[in-house]
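Q: Take a look and give me a structure for this.
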Amino acid sequence: MTKNLKQKRRTRIRRRIRSKVIGTETRPRLSIYKSSKHIYTQLVDDASGNTLAAASTRSADLQSSFKGKKPIEKGEILGKIMAEKALEKKIEQITFDRSGYAYHGIISAIAAGAREAGLKF
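A: As a prediction, this is how the structure comes out:
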């Protein structure tokens with residue numbers, strides 16, 4: 001029963017955030033989803049409905065960089081990878097969408113990794 005309440009609470013927070021956070025082509029939204037085992041990130045242009053770049057801990061080409069790392073370390077690496085992909089597409093500024101998750105742990109590690117690699121938000 002508490003799981004259902006937590007899901008409802010996160011959904012309510014997520015809707016409130018998404019009503020204010022909008023991604024454009026020049027400043028896309030960095031969206032995050034985390035499951036119990038993996039982390040997924042996307043750069044989304046909400047105006048056209050396109051995903052500009054995506055990365056996750058499940059990506060086959062990135063498995064070697066995540067091997068033996070703790071979840072927070074994986075988040076920081078994932079943030080750096082997303083920043084590199086954004087900078088390749090000449091995107092320097094983004095809006096950060098934490099998707100209803102509290103801004104600590106993995107979520108803040110992703111943000112720190114992206115900032116460290118050169119993104120501004």
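Q: how about the helices in this protein?
A: Applying DSSP state H to the chain gives helices spanning 2-18, 63-66, 71-88, 106-116.
Q: Of the ones you listed, which is nearest Glu25?
A: The closest of the helices of the chain to Glu25 is helix 71-88. By C-beta to C-beta, the value is 12.1 Å. (Each C-beta comes from the backbone N, C-alpha and C, glycine too.)
Q: which strands and helices sit next to the closest one?
A: Packing partners of helix 71-88 (3 or more C-beta pairs under 8 Å, 6 or more residues apart in numbering; DSSP states H and E): strand 39-45, strand 50-56, helix 63-66, helix 106-116.
Q: which of these has the lowest average pLDDT?
A: When these are compared by mean pLDDT, helix 63-66 comes last with a mean of 89.
Q: Dump the helices of the chain to CSV, plus mean neighbour count and distance to Gly49.
A: Putting the helices of the chain into CSV (neighbours: other C-beta atoms under 10 Å; distance: least, C-beta to C-beta, whole Å) gives the following:
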stretch, mean neighbour count, distance to Gly49
helix 2-18, 11, 14
helix 63-66, 12, 29
helix 71-88, 20, 18
helix 106-116, 19, 23
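Q: Indicate which one of these is closest to Thr95.
A: helix 2-18 (10.3 Å).
Q: name the helices or strands packed onto that closest one?
A: Using 3+ C-beta pairs under 8 Å, 6+ apart, no helix or strand is in contact with helix 2-18.
Q: out of the helices of the chain, which comes closest to Phe96?
A: Using C-beta to C-beta, the helices of the chain put helix 106-116 closest to Phe96, at 6.0 Å.
Q: who's in contact with stretch 16-23?
A: 29, 43-47, 94-100 (C-beta atoms under 8 Å, 6 or more residues apart in numbering).
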